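Novice: Give me a 3D structure for the following:
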Amino acid sequence: MHSLRTAPVPERLADAIAQLRDIVVELCALVTKDPQVFTRHYALIDANLELQGRDAVKSQRQAELLADILIGRGAEPSMAGLASQVALACYQAARRSAEGDLRRLVDDTALAFDRVLRLGEGA
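Specialist: Numbers count the residues shown, from 1 in each chain. Here you go, the predicted model:
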């Protein structure tokens, strides 16, 4: 995964989110390579409240790992934490908007990040 290589120190929140965009979009592409497995996985989660809780915990752990990547690149920890939560929200919003169409998940995830990154422009 090329996105985990070193990158410039993210000085601004937007820089940190942009760096995570590349990683999360690439991860989406990887996890949707086998649509049947991905679809079956989330069908089981959506049908079981206990699995939904476990998935939420797992998602938060993934956000922590994204923050750790940014911290490793020199980002301030509170900014890294906020950027990782925004990244998680972008993925979750894309998963909802894709409505189970895995062909849309990667593009919808990238679009969610792009919208967040344009917030100051009135997006």
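Novice: Show me which parts of the host helix or strand of residue 84 are buried, residue by residue.
Specialist: Taking DSSP states H and E as the definition, residue 84 sits inside helix 77-98. Taking 16 or more other Cβ atoms under 10 Å as the basis for neighbour counts, the residues of helix 77-98 that come out buried are 79-84, 86-88, 90-91, 93-95, 98. All C-beta spots, glycine's among them, are computed from the backbone N, C-alpha and C.
Novice: cool, and stretch 101-119?
Specialist: In stretch 101-119, residues buried by neighbour count (16+ other Cβ under 10 Å) are 102, 104-106, 108-113, 116-117.
Novice: in this structure, what spans have low per-residue confidence?
Specialist: Low-confidence regions of the chain, defined by pLDDT under 70, span residues 1-5, 122-123.
Novice: can you give me the helices in it?
Specialist: Using DSSP state H, the helices assigned to the chain run over residues 13-31, 35-46, 49-72, 77-98, 102-117.
Novice: what's the longest one packed up against?
Specialist: Same thing as helix 49-72. helix 13-31, helix 35-46, helix 77-98 (3 or more Cβ pairs under 8 Å, 6 or more residues apart in numbering; DSSP states H and E).
Novice: And the last one, what does it pack against?
Specialist: What it means is helix 77-98. helix 13-31, helix 49-72, helix 102-117.
Novice: Dump the helices of the chain to a markdown table, plus distance to residue 7.
Specialist: As requested, those are arranged in a markdown table below (distance: least, Cβ to Cβ, whole Å):
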| stretch | distance to residue 7 |
| --- | --- |
| helix 13-31 | 5 |
| helix 35-46 | 28 |
| helix 49-72 | 9 |
| helix 77-98 | 13 |
| helix 102-117 | 15 |
